[in-house]
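Undergrad: Build me a model:
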Amino acid sequence: MYSTFTEESYVQYIDNIIKKYCPDYTLMGSIVTELHGVLFTAPTLDNKEKYIHAFLDQQFGNVDLNESFKTPIILLHNEGILLEELLYIHSWFSNRCCNLDNIFLILAHGIGIKEWYNRYLELFGQKGFNIIEMPMRSLHFFNGVELAPKPAELTKNLKYYFSSWIGGFTNKLERDFLAALLLSRSDIGAVDYRSGYVSTEQEFENYLEQITNFSNRALVEQLISNRQSIKFITDPSKYNETTPDGKMWFMQPSDFQNKINSTSFFQIVREATMSTPYTLITEKTIKCFLNFQITLPTSGVNSVANLEKLGFKFDHSLVDYSYQTEPVFSVRMFKILKLIEDFAKTHTLKNLEEYILDNREILWYNYNYITSGDLATYLETQFIKEISSI
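TA: Model prediction:
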């Protein structure tokens, strides 16, 4: 399907499919993390939309959108799209002379975005462009990467009830909150934070007061204390962007993160952001399945249901995944932590090792679904169906 681990080859892979099944089209280009940069560096917070529009004008000003009255126009977004970015792209196209019915935004990391966007348009009585979800880019990352050898038998020597690796670069306060919250149970879990705390202590305290509705000072003080006194399992300053063989840090099967994951039962998976009303999926989620862990997705609403739509399996008899419907991410995280604490009270790690053996069919299924290429084939087939209907 694709040959090398590069952004250019992924775009070429998508472009080749479009050319084959929708030959009469205009490809505007692709966006990766550029919009993130504009959002986070905008000089005024109250008019970020203006700066996003200026960037899109500069980037795609040479594209004649009037052509959309004749042929489809396609824009690729190859990173997890934030809600603000989606709405600013919407307002940019809406203010241009174009046929929105013939504008297509292809998203490389999202599930449930199309459904949410259509509800948004209906609620506000607006007309919008078309969204095609193609969460293939994370699988593209794994092409050519040597995975850990497939174990002959699925056994684990568990040391932790959960692990969580907090990466990404969006929403520093959200990340810092998650780190401090999970560190409160570092007695039963392993928490790693690539960047370390990013916000100032005053920013952090103000944020905690806000998300607790200024009504739980005891919790605020506990999280501030966690931040000041509890250390992560590794020194964030020791992370490198690349390893000696030149591969990117998040793809390495032997990195410290994977070693921790191999000895923990649950993994709390944080994707690029947790506050979206839809689900993002990147290499973080994929690696969880490859590590034979019980996945606890946290990013966005209905994350479990959306992953099940892609073909993954979850054991609802073991875990109450009702937390996924909670729209407020901080409340969602309190529910997840309570779920794990209850497990620690009622299950020994030895019990959970036995569970892995007794229920290995689901874990093997998710692992094989990825490594066999079945997931990639499914995503490509769905993509071809949507492209062919343009």
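
Undergrad: list the contacts for Cys98?
TA: By Cβ atoms under 8 Å, 6 or more residues apart in numbering, the residues touching Cys98 are Leu65, Asn66, Ser68, Phe69, Ile73. In this view, the C-beta of every residue, glycine as well, is placed from N, C-alpha and C.

Undergrad: do that again at 6 Å, thanks
TA: Leu65, Ser68 (Cβ atoms under 6 Å, 6 or more residues apart in numbering).

Undergrad: Tyr321: what's its closest spatial neighbour, skipping adjacent residues?
TA: Val304 (4.6 Å; Cβ to Cβ, 6 or more residues apart in numbering).

Undergrad: For Lys338, which three-state class applies?
TA: Local secondary structure at Lys338 is given as helix here, using DSSP: H, G, I helix; E, B strand; the rest coil.

Undergrad: about what we covered before: name the helix or strand for the residue nearest to Tyr321, please.
TA: Following DSSP states H and E, one finds Val304 within helix 303-309.

Undergrad: Ala218 too?
TA: Assigned by DSSP H and E, Ala218 falls in helix 217-229.

Undergrad: circling back: count the residues that sit near the residue nearest to Tyr321.
TA: Val304 is flanked by 20 other residues according to other Cβ atoms under 10 Å.

Undergrad: wait, isn't it in contact with Ser322?
TA: No. Using Cβ atoms under 6 Å, Val304 makes no contact with Ser322, being 9.5 Å away.

Undergrad: Which residue ranges of the stretch 1-150 of the chain form strands?
TA: Listed in chain order, the strands of the stretch 1-150 of the chain (DSSP state E, counting those that start in this stretch) span 26-31, 73-77, 103-107, 110-111, 130-133.

Undergrad: Pass me the low-pLDDT residue ranges in the stretch 201-350 of the chain, would you?
TA: 233-258 (pLDDT under 70).

Undergrad: And the helices in the stretch 101-250 of the chain?
TA: 113-124, 137-142, 172-183, 201-211, 217-229 (DSSP state H, counting those that start in this stretch).

Undergrad: can the ones you listed go into a markdown table with extra columns for distance to Ser264?
TA: Formatted as a markdown table, the helices of the stretch 101-250 of the chain follow (distance: least, Cβ to Cβ, whole Å):
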| stretch | distance to Ser264 |
| --- | --- |
| helix 113-124 | 30 |
| helix 137-142 | 21 |
| helix 172-183 | 12 |
| helix 201-211 | 26 |
| helix 217-229 | 19 |
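
Undergrad: Among the ones you listed, which comes closest to Met274?
TA: Closest approach to Met274 among these is made by helix 172-183 (5.9 Å; Cβ to Cβ).

Undergrad: Let me have the helices of the stretch 101-250 of the chain in TSV, adding mean neighbour count and distance to Leu158 as columns.
TA: Output for the helices of the stretch 101-250 of the chain, formatted as TSV (neighbours: other Cβ atoms under 10 Å; distance: least, Cβ to Cβ, whole Å):
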stretch	mean neighbour count	distance to Leu158
helix 113-124	15	35
helix 137-142	21	25
helix 172-183	22	18
helix 201-211	15	32
helix 217-229	14	24
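
Undergrad: For Thr285, find the nearest of those helices.
TA: helix 137-142 (7.5 Å).

Undergrad: Averaged pLDDT, the closest one. What do you get?
TA: Helix 137-142 comes out with an average pLDDT of 69.
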